[in-house]
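> this one's structure only:
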Ligand SMILES: Nc1nc2c(ncn2[C@@H]2O[C@H](COP(=O)(O)OP(=O)(O)O)[C@@H](O)[C@H]2O)c(=O)[nH]1
Ligand SMILES: [Mg+2]
């Protein structure tokens, strides 16, 4: 199962980039949005998940990618899903006016994008949900709560934490989600490391099942646990 899900994730290819919502193509394909603070490890995670080194530019300069980048997945002639890489938020050095504009674009996107099927929130496992991530969680929880959108909180850079701190980070993230969630079954927490590749298969499975819900569900139940950390 994981193998098939990972092979599917590897089919990702660049589709288009947009600096505002009106530039995004309307699509009926289920779309998975990747969001997170600048430097949370979003670009790295997308690159590892799709096994493509520079698909989402892992920029050394946080806050730079101020566009929504769309990637297409599935067979070339019959694409079955889209990934949307949203700009990182919370980077202090970004000009205030630009920041506000981007918060608006992102809020609009998360609220109105019709084909949105899942949101992956990337969190540096050493920081967990910061205030700005909690705001985002609260903002999207109505859409997640009504069952149309699923949410995965991904604790990144888990290689930086020992076992005990990993357990603590997972418990804390789960607690935050429980507070925001109306229906917990739409939320999941997973650990991730681009270095050790912990969680790569779990994320692929989660996303694959969001997009292909008829597929057998083995493995998805493990997502709440810091499995192989
Ligand atoms: N140790 C470790 N470092 C990571 C991991 N993922 C990302 N990083 C580092 O964290 C920094 C930010 O990563 P990046 O993917 O550019 O973050 P983004 O701003 O969210 O796109 C970079 O220096 C990465 O090398 C990980 O799994 N483990
Ligand atoms: Mg990035």
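That came through fine. Everything numeric here is computed off the predicted structure, so don't read it as measured data. Ligands and ions are numbered 1, 2, ... in the order given.
> run through who's touching the strand ranked longest in the chain.
Counting residues, the longest strand found in the chain (DSSP state E) is strand 116-124. For strand 116-124, contacts defined as Cβ atoms under 8 Å, 6 or more residues apart in numbering pick out 30-37, 39-42, 45, 81, 110, 129-130, 133, 136-137, 140, 143-144, 148-157, 173, 192, 203, 206-207, 210-211. Any C-beta I mention is one placed from the backbone N, CA and C, and that applies to glycine too.
> tell me the gap between the helix or strand where residue 143 lies and the middle of its chain.
Using DSSP states H and E, residue 143 sits in helix 131-145. For helix 131-145, the separation from the chain centroid amounts to 13 Å (computed by Cα atoms, centre = their mean, to the nearest Å).
> sheet-wise, list the partners of the longest strand of the chain with their directions.
Strand 116-124 pairs in its sheet with strand 31-36 (parallel), strand 150-156 (parallel), by DSSP bridges.
> would you mind putting these into a markdown table with mean neighbour count, distance to residue 183 and mean pLDDT alongside?
Converted to a markdown table, the strands paired with strand 116-124 look like this (neighbours: other Cβ atoms under 10 Å; distance: least, Cβ to Cβ, whole Å; pLDDT from 0 to 100):
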| stretch | mean neighbour count | distance to residue 183 | mean pLDDT |
| --- | --- | --- | --- |
| strand 31-36 | 24 | 19 | 96 |
| strand 150-156 | 25 | 10 | 97 |
